[in-house]
Structures are given as structure tokens and as C-alpha cells.
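**Q** Here's a sequence, model it:
(one chain, ligands or ions: 2)
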Amino acid sequence: MTVCLAISDQSIADAAALLQVGKLVAFPTETVYGLGADATDAAAVARIFAAKQRPAFNPLISHIATAEAAFALGQKTPIAAALAAAFWPGPLTLILTRHAECPVAMLTTAGLDRLAVRVPAHDGAQRLLRAFAKPIAAPSANPSGQISPSRAEHVVKGLDGRVNLVLDGGPCENGLESTIVDCTGPGARLLRPGGITRDALAAALATAGCNPEIDTANPLDDGEKPVAPGQLTSHYAPRSSVRLMAKTQEANEELIGFGSVKGAGKLNLNLSPSGNLIEAAANLFSMLHAADAIHAKTIAIAPIPADGLGEAINDRLRRAAAPR
Ligand code: TXA
Ligand code: MG
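**A** Ligands and ions are numbered 1, 2, ... in the order given. As a prediction, the model looks like this:
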């Protein structure tokens, strides 16, 4: 059975105790809710894959309380140091080469010698990480391939009975997953666009005296293992079909608006009536969930500009619309 508790000293202590014995705890971060387990305990991590029915090749992010603790797990390259100083704690995940003595289970990194690590800023996540005092492996807390959860009730809806405890910290501020940057090579490589924009990354690298050029990964260019398997084409998929670049509503459609394109259908949703991309990112998954929940035949979505956070929003939308 899944218990959902508001964040308090008691629920944080309960959550840490559950993690300690290999159980699953969903917790809020400023991006989306994570489905957490002890990252150093492969059996606990296996329960994450089972609960999400996640393809086993897809590695997980290890969450940890401080940058210092993160660099005890993986190698601190100049690029990683610059980005950590600028954006941690925050919605940024760095790919680092694992240290030989790194205690994170190999299952967490799906057998890769590279580790994804993130220091979240969310107060509830920080309290849990400090109480547990070990890295917490956590993918987004949704069944594999479905929409990421930006509220505790999304987690309960998708994973009821498959997670022991959900810590309810209210809606996530960003509502979009973290930006992922591979720091293991000579230059920074963007594996997944997210809450921190490409321009912000480049500016931080320039300030630190690093090469500010940011390479974009081809998600399938790493031999047999995708470098960021979350980048597989059909991902973030609602049950309804999805039509992009919609300016008007067609029959049986739930149109999610943006800016001057007004929402239409049963819910009249608009990602941001004022055309604000930060607001749109925060609303994205909630609105997809809402339209999916009323069994709309097709979810139509207004055009979203491609600049800034629009890159990550359009990336998610293309995946939601991909043939499956
Ligand atoms: O905002 C977020 O990042 C949320 C919160 C909970 O932290 N987490 C999240 O996790 O979105 P997940 O598992 O849904 O997406 C993690 C992505 C996947 O695409 C995975 O393939 C990639 O990170 N990844 C993880 N470890 C990796 C590694 N060692 N090398 C390359 N990509 C990796
Ligand atoms: Mg995910």
C-alpha cells in the first residue's frame, strides 16, 4: 500500500528509515517527483526498475546533498567544477566518470563507468538527503515511458501500491526534468535539455574560463547503449494521441493553448496565457496529465517558441507526439 505524507520531521525520518531497509520512497524535487531508493543497494535499485517497468539499460541519477559529496563519487573535471559552482544545488545533472571506490551500485548506472549525479535545491529533497546521508537513486516517479509527475497525486495515480511512501511537497516549481550535461570529455555535451538553458550553461563555462561551446549529443551515437536513453524517441507519452503546432481545435480534441492561442475543449487549458516559458514548463506535465485523465482522443498543443526553456519543452512535446 502507498502512504502519502506531507513533509515534516517525522515523515522525513520515516522515509529515511524505509530507504535504509531497501524500500522505495517518492520525494519532491524542484524539477519533478523522484522515485527514490538507496543508490548503493542494487536490490533496492532493482525495485525501482520493477516498479517503473523501466528498460534495464536505462541508468538512474544519483541524488546527493552537496557538491563536495557528489565529487566524492565521480571525477571533478574543470567543466564539472564550473557547472556545479554555478548551478548546484539546482536542476542540473552532471555525468562524471565513477571513482574506483564509488559506492553507487552498478545497477544504478546500468553498467556504465559514468555516473549521473545531481544536487537538488528543493528543501524537502535536501532534508531527506541529509537524513539518509547516502546517495538516493531516483528516476522520475512515473511508470516508464509515461508523463513525469509534478505533483504527489500524479505519483500515487501512476505507482499506487508500487512505492511505499510518497512525501508530498506540493507542486514542483520547475515541472521539467533537470538539464543533463556530460562532463567526462574535453568539452561539455548536452544530453538532455531542461530547466537550465544552453545559454546559461555557456555563460557559466565562460565565466569560469572553460570552453563555452556546448556540443549536443546524438542520443544513439554511443555504440549499443544510448548515451541518454531517456532521449529515446517515444517517451513522455500520454495515452491520447498528440498533435503539435495546433492553432485551432479540431473535433474531439482537447487543445492546450499558449500565449494568444487559447485553450479549447472540456478543460480550456493554457500553458501560459502571457506566453511565459517558465510558467509553461511548470504547467506542462500537469496539463498533459489533466488532458489524458479525461480520455481526450487527441491532445492538440499550440506552437511553443524554440528559444530558452522552449528547447526543452519542444523536446518533451516531440517525444509525446512520436509514433509508438
Ligand atoms: O529532474 C530530474 O532529472 C528527475 C529528478 C527526479 O531528479 N529525474 C529524472 O530521471 O528525470 P530519469 O531517470 O527520468 O531521467 C534520467 C536520464 C535518463 O535519460 C538516463 O538515460 C540519463 O538520465 N542517464 C542517467 N545516467 C546516465 C549516465 N551514466 N550516462 C548517460 N545518461 C544517463
Ligand atoms: Mg523520466
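**Q** Run through the strands of this structure in chain order.
**A** Assigned by DSSP state E, the chain shows strands spanning 3-6, 25-27, 34-38, 61-63, 92-97, 114-118, 136-137, 165-168, 179-182, 188-192, 214-216, 241-243, 253-256, 298-301.
**Q** so what strands line up beside the shortest one?
**A** Translated: strand 136-137. Strand pairing for strand 136-137, using DSSP bridges, gives strand 34-38 (antiparallel), strand 61-63 (antiparallel).
**Q** for ligand 1, what are the nearby residues on the stretch 51-200 of the chain?
**A** Residues of the stretch 51-200 of the chain found near ligand 1 (CB under 6 Å from any ligand atom) are 58-61, 93, 95, 109, 112, 114-116, 118, 138-140, 177-178, 180, 191-192. From N, CA and C alone the C-beta is placed, and that goes for glycine too.
**Q** Would you check how far apart the nearest residue to residue 103 once chain neighbours are set aside and residue 195 are?
**A** Distance criterion CB to CB, 6 or more residues apart in numbering; nearest residue to residue 103, sequence neighbours excluded, is residue 40 at 4.6 Å. Residue 40 sits 27 Å away from residue 195, going by CB to CB, to the nearest Å.
**Q** same deal with residue 1?
**A** 33 Å.
**Q** Tell me, how many residues neighbour the nearest residue to residue 176 once chain neighbours are set aside?
**A** Counting by CB to CB, 6+ apart, residue 281 is the residue found nearest to residue 176 once chain neighbours are left out, at 4.3 Å. Other residues near residue 281 come to 26 when the count uses other CB atoms under 10 Å.
**Q** Surely residue 281 is in contact with residue 195?
**A** Yes - judged on CB atoms under 8 Å, residue 281 makes contact with residue 195 at a distance of 7.0 Å.
**Q** Just to confirm, what confidence does the model report for residue 220?
**A** Residue 220 is assigned 45 on the pLDDT scale.
**Q** Over to residue 323?
**A** Confidence score, pLDDT, at residue 323: 78.
**Q** neighbours of it, just the number please.
**A** 6.
**Q** So what does it have for phi and psi?
**A** phi -60, psi 140 (degrees, to the nearest 10).
**Q** pLDDT weak spots in the stretch 101-250 of the chain?
**A** The stretch 101-250 of the chain contains residues with pLDDT under 70 at 218-236.
**Q** circling back to that earlier point, of residue 40 and residue 195, give the one with the bigger neighbour count.
**A** residue 195 (23 against 18).
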